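Novice: Next one to model:
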Amino acid sequence: MDENMKKRNEILAKTVIKGLESRNMSGYYAADKEAAVKQALELIPEGSTIAMGGCASASEVGLISALEDGNYNYLDRSKMSPRESLMAAYDADVFLSSANAITSDGVMVNIDGNSNRVSCIAQGPRKVVFIVGMNKVCSDLDAAMKRARNVAAPANAQRFDVKTPCKEIGKCFDCKSPDTICCQFLITRYSRHEGRIHVILVNDTLGF
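Specialist: A predicted model of the protein is given here:
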């Protein structure tokens, strides 16, 4: 990444963190992937039970490997049935996620097909740790919604065996396809529970 863009991201991250703090959420800046893993592990006590909802960013920075190699109870949902993994995630100590988009004043947008991820963000797990690349920061909620629908969702659709207009064309058509992965939209604008939501902003391009 260009050094000027890195500096811009570092400055912008401070604004996002202030916005998160005003919404009773905690924000952290990580200069690179290694710093992101270090910060995440400081938020996750050893012995914790950790669940995840398809967070590619956590894998990209190396956090999942660190958890699997460490003294943690990482729940690998690929080895569980969908219902079993969902129920286990609700009772987890920590839930890992990313955001499809986040505004510069700290509002997060997430879209789901089966609601396993957005439901755990909203309630259930005792702590939620977000790993968010600075490429996902948007100017306002309208821009964040557009990014989630026209960038994140079409890219995510490529991962699955689905037949949706966005997978074929590359942008949202507000479809009602039986295969749509945009069934639930979650806007996280405030956390009623202090100390529950933590957002690590990584000065890198992560996820979709």
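Novice: With just CA atoms, put the longest helix along the chain into PDB.
Specialist: If you go by DSSP state H, the chain has its longest helix at helix 3-22. Extracted C-alpha coordinates of helix 3-22, given in PDB (Å, rounded to 0.1, in the frame of the first residue of the first chain):
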ATOM      1  CA  GLU A   3       2.700   5.300   2.200                       C
ATOM      2  CA  ASN A   4       0.500   8.300   1.700                       C
ATOM      3  CA  MET A   5      -2.600   6.100   1.800                       C
ATOM      4  CA  LYS A   6      -1.300   4.400   4.900                       C
ATOM      5  CA  LYS A   7      -1.000   7.800   6.600                       C
ATOM      6  CA  ARG A   8      -4.400   8.800   5.500                       C
ATOM      7  CA  ASN A   9      -5.900   5.600   6.900                       C
ATOM      8  CA  GLU A  10      -4.100   6.100  10.200                       C
ATOM      9  CA  ILE A  11      -5.600   9.600  10.500                       C
ATOM     10  CA  LEU A  12      -9.100   8.400   9.400                       C
ATOM     11  CA  ALA A  13      -8.900   5.500  11.900                       C
ATOM     12  CA  LYS A  14      -8.700   8.000  14.800                       C
ATOM     13  CA  THR A  15     -12.000   9.600  13.600                       C
ATOM     14  CA  VAL A  16     -13.700   6.200  13.300                       C
ATOM     15  CA  ILE A  17     -12.500   5.200  16.800                       C
ATOM     16  CA  LYS A  18     -13.900   8.500  18.300                       C
ATOM     17  CA  GLY A  19     -17.200   7.600  16.600                       C
ATOM     18  CA  LEU A  20     -17.200   4.100  18.000                       C
ATOM     19  CA  GLU A  21     -16.500   5.400  21.500                       C
ATOM     20  CA  SER A  22     -19.400   7.800  21.300                       C
END
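Novice: Following element in sequence after it, please.
Specialist: strand 26-30 (DSSP states H and E).
Novice: circling back to that earlier point, the longest helix of the chain packs against which elements?
Specialist: With contacts taken as 3 or more CB pairs under 8 Å, 6 or more residues apart in numbering; DSSP states H and E, helix 3-22 sits against strand 26-30, strand 101-103, strand 137-138, strand 197-202. The C-beta positions use only the backbone N, C-alpha and C, and glycine is treated the same way.
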